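>>> build me a structure from this.
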Amino acid sequence: MSAGGENTAIVSLGMSCQSARQIRKSIDVLSASLGEQVKPDRSFFDGLIAPITGMCRLFEDGFPIFSREQIIPGPGEPTWQPYGIRFLHHFRDEAGTADVLVQFEENLSRFSYLRQKFLRLRDRARVIFLWCPTPRTTCWMSREKRISRLPFPIRNWRGCKELLTGLWAAPANI
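You can find the predicted model right below:
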């Protein structure tokens, strides 16, 4: 979950669900701090495990949308290759079972819309990106979701910030 107001957007960048959760839980505090009412709003990276190296590569590639061939069943969760981005809450049937083939078109439509919405954020006066790589969360996800490791080297983050700045044609606030 991300949030937005008339002038400001606060956007989860999806290292885990934790950043989206913190935004959702802090709507009142964020509104008071920013001096404008912000409301919950969905964004592209909400609910995704997006390793920083994969996000950098995604932005370097111009932030394309995925193809059917790029979504593989796992391990653990449907995964967007070559970026290593995992879909925790998507490509699932009503019982919660991951089924990429059956759920592909619906998710392609959803994420195509969210991608366009993400790109339109550059029209906002202020966009704040939140990235929440807490060791406790990433260790749990590594074990629970069968991900070998989720590194978050700061040098990669600086590179990702530069790529976002290029995508935005304005400095990225992270």
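>>> checking the spatially most central residue of the chain next. Helix, strand or coil?
In the chain, the residue lying closest to the centroid (Cα atoms, centre = their mean) is F45, at 1.8 Å. Following DSSP: H, G, I helix; E, B strand; the rest coil, F45 is assigned to coil.
>>> what about the strands in the protein?
In the chain, the strands defined using DSSP state E lie at 2-4, 8-12, 39-41, 48-49, 71-72, 79-80, 85-87, 126-130.
>>> any chance of these in JSON lines, with mean pLDDT too?
Compiled in JSON lines, those are given as follows (pLDDT from 0 to 100):
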{"stretch": "strand 2-4", "mean pLDDT": "88"}
{"stretch": "strand 8-12", "mean pLDDT": "87"}
{"stretch": "strand 39-41", "mean pLDDT": "92"}
{"stretch": "strand 48-49", "mean pLDDT": "84"}
{"stretch": "strand 71-72", "mean pLDDT": "94"}
{"stretch": "strand 79-80", "mean pLDDT": "94"}
{"stretch": "strand 85-87", "mean pLDDT": "89"}
{"stretch": "strand 126-130", "mean pLDDT": "83"}
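>>> so which of the ones you listed gets nearest E162?
Distance to E162, taken as Cβ to Cβ, is lowest for strand 126-130 among the strands of the chain, at 12.9 Å. Placement of C-beta: from N, CA and C, glycine included.
>>> for that closest one, buried residues please.
V127, I128, F129, L130 (16 or more other Cβ atoms under 10 Å).
>>> now do the phi/psi pair for the nearest residue in space to L58 that is not next to it in sequence.
The shortest distance from L58 to any non-neighbouring residue, by Cβ to Cβ, 6 or more residues apart in numbering, is to Y83 (5.0 Å). Dihedral angles of Y83 (phi, psi; degrees, to the nearest 10) stand at phi -90, psi -20.
>>> and the residue of the chain positioned farthest from its centre, what's its pLDDT?
The outermost residue of the chain relative to its centre, with distances by Cα atoms, centre = their mean, is G35 at 25.4 Å. Looking at G35, its pLDDT is 92.
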